[in-house]
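Asker: Got a sequence here, can you model it:
(2 chains)
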Amino acid sequence: DAKTTQPNSMESNEEEPVHLPCNHSTISGTDYIHWYRQLPSQGPEYVIHGLTSNVNNRMASLAIAEDRKSSTLILHRATLRDAAVYYCIPYSGGGADGLTFGKGTHLIIQP
Amino acid sequence: ETGVTQTPRHLVMGMTNKKSLKCEQHLGHNAMYWYKQSAKKPLELMFVYNFKEQTENNSVPSRFSPECPNSSHLFLHLHTLQPEDSALYLCASSTRLAGLNTGELFFGEGSRLTVL
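Answerer: Numbering: from 1, shown residues only, chains lettered A, B, ... in the order given. Okay, here's the model as predicted:
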């Protein structure tokens, strides 16, 4: 599995954009970059994933560096409900194993 | 509501008890997973089932025994547990297409287990 590095925690203000970085310098060419988040007292939920191009969905945007060694999850306008632990996970989908979660980034949103 | 239901949500058991955790998904997925989340630690993958066949056992002690009778149901049978097994146990499901996992896992809310 590719190793990832994420800040332990980040803080932002409500209604401001949030950029959550992830380094994955050992990512393989077939790994997609998945992002999940885990709200307090809940199971993780899928946020977004991409391979090379930037991706947008209703929850967030994913910006992937040209060399694919890093990516940034963008929450365009953070709300208090976005306070969660965010995980960046490179994953190819092959093999029999599931996703490997790291420690993630604990995002704190100030009102 | 993610479509993955886990019961019970909370369980307290003694070290000599036998209990089971249940997971059910109505999403038409063909892969199911058990994860363990201990306090202050990352999620740990325990077991993976693809099309009812166990394809991953991540060095889990034998006091945890999974069962997958069909693609919609997954059980985790517990016996002779230790206090350090107290954790949140999460079930997830996903779709495998042409041998590849889509990578989009749907998680239940978890079963909070306390072993006394």
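Asker: Please name the residues that touch the residue positioned nearest the centre of chain B.
Answerer: Nearest to the mean C-alpha position of chain B, by Cα atoms, centre = their mean, lies residue B:34 at 2.7 Å. Taking Cβ atoms under 8 Å, 6 or more residues apart in numbering or on different chains, we find residue B:34 in contact with B:23, B:45, B:46, B:47, B:66, B:74, B:76, B:89, B:90, B:91. No exception for glycine: its C-beta is placed from N, CA and C like everyone else's.
Asker: ok, now how distant is it from residue A:32?
Answerer: According to Cβ to Cβ, to the nearest Å, residue B:34 stands 23 Å off from residue A:32.
Asker: Any residues of chain B in contact with chain A? List them.
Answerer: Listed as neighbours of chain A in chain B under the rule Cβ under 8 Å from any Cβ of the partner chain: B:2, B:4, B:31, B:33, B:35, B:42-43, B:45, B:48, B:50, B:55-56, B:90, B:92, B:94, B:99-110.
Asker: Model confidence for residue 73, exactly?
Answerer: Chain wasn't specified; assuming chain A. What the model reports for residue A:73 is a pLDDT of 98.
Asker: sorry, should have said chain B
Answerer: Looking at residue B:73, the pLDDT reads 96.
Asker: same question, residue A:95
Answerer: Residue A:95 is given a pLDDT of 59.
Asker: what does the one 3 residues further on give?
Answerer: pLDDT, the model's per-residue confidence, is 81 for residue A:98.
Asker: What is the neighbour count of it?
Answerer: Residues near residue A:98, counting by other Cβ atoms under 10 Å in any protein chain shown, number 25.
Asker: For it, give me its contacts.
Answerer: By Cβ under 8 Å, 6+ apart, residue A:98 lies in contact with B:31, B:33, B:35, B:45, B:48, B:56, B:92, B:94, B:101, B:105.
Asker: pLDDT weak spots in chain B?
Answerer: When residues are selected by pLDDT under 70, those of chain B lie in B:1, B:98-101.
Asker: 80 instead?
Answerer: Scanning chain B for pLDDT under 80 picks out B:1-2, B:51-52, B:55-58, B:96-103.
Asker: Doesn't residue B:40 lie inside a helix?
Answerer: No. Counting by DSSP: H, G, I helix; E, B strand; the rest coil, residue B:40 is not part of a helix but coil.
Asker: what's near enough to touch it?
Answerer: Counting by Cβ under 8 Å, 6+ apart, residue B:40 has no contacts.
Asker: Show me what whatever helix or strand residue B:114 lives in is packed against.
Answerer: Counting by DSSP states H and E, the element that carries residue B:114 is strand B:111-115. For strand B:111-115, the packing partners by 3 or more Cβ pairs under 8 Å, 6 or more residues apart in numbering or on different chains; DSSP states H and E come out as strand B:10-13, strand B:87-94.
Asker: could you dump those to CSV with mean neighbour count?
Answerer: Below are the helices and strands packed on strand B:111-115 laid out as CSV (neighbours: other Cβ atoms under 10 Å in any protein chain shown):
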stretch, mean neighbour count
strand B:10-13, 14
strand B:87-94, 25
